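Engineer: My questions concern the predicted model and sequence given below.
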Amino acid sequence: MTKFINPGLAPTSRRNVLRGSLLAGAAAVSGAGAFAARRTPQPLKADAVSRNLHKAAADGATESTAKPADLSGYTRVKQELVAPPFAPEHEQVATGGPKIIEITMVTEERLMVVDEDTGASVWALTYNGSVPGPLIICHEGDMVELTLRNPESSMMEHNIDFHASTGALGGGGLTHVYPGEECVLRWKATKPGCFTYHCAPGGAMIPYHVTHGMNGAIMVLPRDGLKDAEGNPLRYDSIAYIGEQDYYLPMDENGDYKSYDAAGDDYADSLEAMRTLVPTHQVFNGAVGALTGENALKAKVGETVLMVHNSCNVDSRPHLIGGHGNYVWESSFTDQPLTGMETWFVRGGSAAAAMYTFEQPGVYAYVNHNLIIGAMLGGTAHFVVEGEWDNNLMEQVVAPRPFAT
Ligand SMILES: [Cu+2]
């Protein structure tokens, strides 16, 4: 099966990427086909319809006689994207007029260790090499101009659907790049808030790419920055960008995680694992422990952190153990933030932001408070906070000791 799906194609060209479609076809014949024999054939039909949707979506935009965009008044700036959990340099309050923010993302397919303890690994499909893809930040009214590059060495076709954008499947219909191709998409950020973006090449390839890491977030700030319900400005000292990733890693008959030679080789096995809807791992920032121990997030007492949480495929309930969501935006930044939240909600297929000012030093765990996911599947990050302990807020009056009955 593996051989059939990966016929050992050399570094690719446009021809072999039909491999993306080829893979889908192969799965229809092998993996998915096997399902079809046991179940109704409807999913295959749905897959085929969805696979071609992006082409239809592209027609509307590319064949129209619409006027060119009015770019007068915009200033061009480049945004250097950085790897998570960090955020690119940005202004919290926009200065000057609207901008065209130029960014570049490269679709990188790379073998990543998901869990060192078990050796579980995945041929991750990524934007710029990281899971999640980099955080993009702009202001409402800005244009985002993305150059999307798919290296010649890739095995698969990719694209991008920005939930923050309007039209053509979020840009998915206009950004299909085969290995060796690039494209440029410009769209206007009209909705302030945090939004997910993800690869959506069509059909079952959509969840396959998304559950192999190909998703991230963009934060569209109001031009005058974040505010509380009374309109008072809210500012942060740093951003912690957290991407929740569900993986469905295939196992062999002994329960050991399988390994593969190249991206895409796990396609049929992965589809089978994905159909269970039960992730083998649900981690923050690509791997178990990516944000704990020596990789923990850092802060100081008195500092305000904005936690931007992306969850492209599964619902999540972030909770900061020992702290709170002082202000939480589950929806638009123009909505009044929720306040004093113990646990908040990130709908699968979205991103949300929570703001907290640390009041005590120590280690805080930021978890998915489905604690099975948080403690057993990898959905945990740590904040290590420096500063002076405040006994007014908490004090160990009596340390644990035996008591007389
Ligand atoms: Cu992709």
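Structural biologist: It's in.

Engineer: Report the helix or strand with the lowest average pLDDT across this protein.
Structural biologist: Within the chain, confidence by mean pLDDT, DSSP states H and E is lowest for helix 2-5 among all helices and strands, at a mean of 32.

Engineer: mind listing what the residue in the stretch 301-405 of the chain that the ion sits nearest to touches?
Structural biologist: Across the stretch 301-405 of the chain, the shortest distance to the ion (CB to the ion) belongs to Cys312, at 12.0 Å. Heads up, the C-betas are built off the backbone N, CA and C, glycines and all. Cys312 sits next to 132, 196, 198, 210, 215, 243, 348-349 when contact means CB atoms under 8 Å, 6 or more residues apart in numbering.

Engineer: ok, now Gly213?
Structural biologist: 112, 122, 124-126, 131-132, 245, 286.

Engineer: if you set the cut-off to 10 Å instead, what comes out?
Structural biologist: Counting by CB atoms under 10 Å, 6 or more residues apart in numbering, Gly213 makes contact with 108-110, 112, 114, 122-127, 129-133, 198-199, 243, 245, 247, 286-287, 312.

Engineer: And for Thr304?
Structural biologist: Applying CB under 10 Å, 6+ apart, the residues contacting Thr304 are 234-238, 326-327, 355-358.

Engineer: spatially speaking, which residue is in the middle of the chain?
Structural biologist: The structure's the chain has its C-alpha centroid closest to Gly216; by CA atoms, centre = their mean the separation is 2.9 Å.

Engineer: And the helices in the stretch 101-250 of the chain?
Structural biologist: Using DSSP state H, counting those that start in this stretch, the helices of the stretch 101-250 of the chain run over 205-210.

Engineer: Please list the residues of it that sit near the ion.
Structural biologist: 125, 158, 199, 209, 214 (CB under 5 Å from the ion).

Engineer: Restricted to strands, list those.
Structural biologist: Mapping these onto strands (DSSP state E) picks out Leu125.

Engineer: Let me have the residues of the stretch 101-250 of the chain next to the ion in a markdown table, adding neighbour count and pLDDT as columns.
Structural biologist: Listed next are those as a markdown table, based on neighbours: other CB atoms under 10 Å; pLDDT from 0 to 100:
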| residue | neighbour count | pLDDT |
| --- | --- | --- |
| Leu125 | 27 | 98 |
| His158 | 30 | 98 |
| Cys199 | 29 | 98 |
| His209 | 25 | 98 |
| Met214 | 30 | 98 |
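
Engineer: Next, give phi and psi for Leu371.
Structural biologist: The phi and psi torsions at Leu371 (degrees, to the nearest 10) take the values phi -70, psi -10.

Engineer: picking up where we left off before, what subset of the contacts of Thr304 is buried?
Structural biologist: 234, 236, 238, 326-327, 355-358 (16 or more other CB atoms under 10 Å).

Engineer: Name all residues that make contact with the nearest residue to Val283 once chain neighbours are set aside.
Structural biologist: The shortest distance from Val283 to any non-neighbouring residue, by CB to CB, 6 or more residues apart in numbering, is to Gly378 (3.6 Å). By CB under 10 Å, 6+ apart, the residues touching Gly378 are 114-115, 120, 244-247, 279-290, 292, 368.

Engineer: Show me what Ala354 is bridged to.
Structural biologist: Met307, Val328 (DSSP bridges).

Engineer: I'd say it and Arg317 touch.
Structural biologist: No. Ala354 is beyond contact range of Arg317, at 11.5 Å (criterion: CB atoms under 10 Å).

Engineer: between these two, what contacts are shared?
Structural biologist: 344, 346.

Engineer: Those two - which one has more neighbours?
Structural biologist: Neighbours were counted for Ala354 and for Arg317 using other CB atoms under 10 Å; Ala354 has more, 29 against 17.
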